[in-house]
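**Q** Give the three-dimensional model of this entry:
(one chain, ligands or ions: 1)
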Amino acid sequence: MPKPMFLQRSGILLLNDAGVFMIRPHDLVTYSMPQIRRASPVDIPAIVAIENESFADPWDQAVFLEALTYYPTTYFVAVCDGAVAGFIVGGLEDTGENIYGHLCNIGVSPRYRRRGIGKLLVRRTEHQFAMELATGVQLEVRVSNTGAQLFYQGIGYRPVFGIDQYYANGEDAFVMMKWFRF
Ligand SMILES: CC(C)(COP(=O)(O)OP(=O)(O)OC[C@H]1O[C@@H](n2cnc3c(N)ncnc32)[C@H](O)[C@@H]1OP(=O)(O)O)[C@@H](O)C(=O)NCCC(=O)NCCS
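**A** Below is the predicted model of the structure:
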C-alpha cells in the first residue's frame, strides 16, 4: 500500500511504519565535498568578499592578512569547485592555567550556506585546537544573530554569559563555549 506523503512548505512529510519523517529539498540534492585547507595570502580577496556579504561591520583586508601571521595553524578555507566558499579564523589563547581555542570569525558565502560547510570548518578547527592541547573553545555572537546561535548550538556550543555592548554599534554579545571531553 502506498505510504502517505504530505507536501509542506518546508518539504515532504512522509509517514511510514517507522515513524514520521520530513524530507527537505536540500536532503535530495548532492553537492561536491568541499576541501578544507589552511588559508594563504592568495585567499584573502575571496575571504574579504565573503566577509562583506556576511557582516554589516566587516573586518578589513589588513585584519585578515594579519591574522594569518598570528594564527597560521587554525585559519582555514573551504574550497568548492575550485572557489573559496567559506573561511574560519581560529586562535589559541593561553591563560597560564588553560589553553583554549577562540573562534574569531567564520563566514560561508550565501550561495553555499546550509550544505554543511560551516560545520566542517568548525570541526577542522576544533581538531587543530585539540591537537594543540586546548581544553575547550569560546566564541562571541551577536544577540540578534539567531541563525548563527542555532548553528553553534547544533554543534555543541552553549551560551555561558553575555557581554554588554560588545560590538561597535552597541549590540550585546553572547559568549558560547564547548568543552572537549578526552
Ligand atoms: C553561520 C554560518 C557560518 C553557517 O554556515 P553554513 O555552512 O550555512 O552551516 P551548515 O550548513 O554547516 O549548518 C549546519 C546546521 O546548523 C544549523 N543552521 C545553520 N545556519 C542556520 C540558520 N541560519 N538558521 C537556523 N539554523 C541554522 C542547521 O541546523 C544546519 O543544518 P541543516 O542545514 O541540515 O538544517 C553561515 O550562516 C554564515 O556565514 N553566516 C553569516 C556570518 C555569521 O553570522 N557568522 C557567525 C558570526 S558569530
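**Q** May I ask which helix or strand encompasses Tyr152?
**A** If you go by DSSP states H and E, Tyr152 is part of helix 146-154.
**Q** is the ligand contacted by the following helix or strand past that helix?
**A** Downstream of helix 146-154, the next assigned helix or strand under DSSP H and E is strand 158-163. No: for strand 158-163 and the ligand, the contact criterion (CB under 6 Å from any ligand atom) is not met; the two come no nearer than 12.2 Å. In this view, the C-beta of every residue, glycine as well, is placed from N, C-alpha and C.
**Q** Give me the residues contacting strand 158-163.
**A** With contact meaning CB atoms under 8 Å, 6 or more residues apart in numbering, strand 158-163 is reached by Glu140, Val143, Gln149, Asp172, Ala173, Phe174, Val175, Met176, Met177, Lys178.
**Q** Only the buried residues of the longest helix anywhere in the chain, if you could.
**A** Ranked by residue count under DSSP state H, the longest helix found in the chain is helix 117-131. Within helix 117-131, the residues scored as buried using 16 or more other CB atoms under 10 Å are Ile117, Gly118, Leu120, Leu121, Val122, Arg124, Thr125, Glu126, Gln128, Phe129.
**Q** What residues of stretch 65-84 count as buried?
**A** Ala67, Leu68, Tyr71, Thr74, Tyr75, Phe76, Val77, Ala78, Val79, Cys80, Val84.
**Q** Surely the third one is in contact with Glu93?
**A** This means Tyr71. No: between Tyr71 and Glu93 there is no contact under CB atoms under 8 Å: 10.4 Å.
**Q** residues in contact with Asn52?
**A** Asn52 neighbours (CB under 8 Å, 6+ apart): Pro58.
**Q** Dihedrals phi and psi, it?
**A** Per-residue torsions, Asn52: phi -70, psi -30 (degrees, to the nearest 10).
**Q** Next one, pLDDT for it please.
**A** At Asn52, the model reports a pLDDT of 98.
**Q** cool, the one 3 residues further on as well?
**A** Looking at Phe55, its pLDDT reads 96.
**Q** For burial, what's the neighbour tally of it?
**A** 13 (other CB atoms under 10 Å).
**Q** Look up how far Val48 lies from it.
**A** 11 Å (CB to CB, to the nearest Å).
**Q** Check Val143 too.
**A** Val143 is 26 Å from Val48, by CB to CB.
**Q** who has more neighbours, the two?
**A** Val48 (20 against 15).
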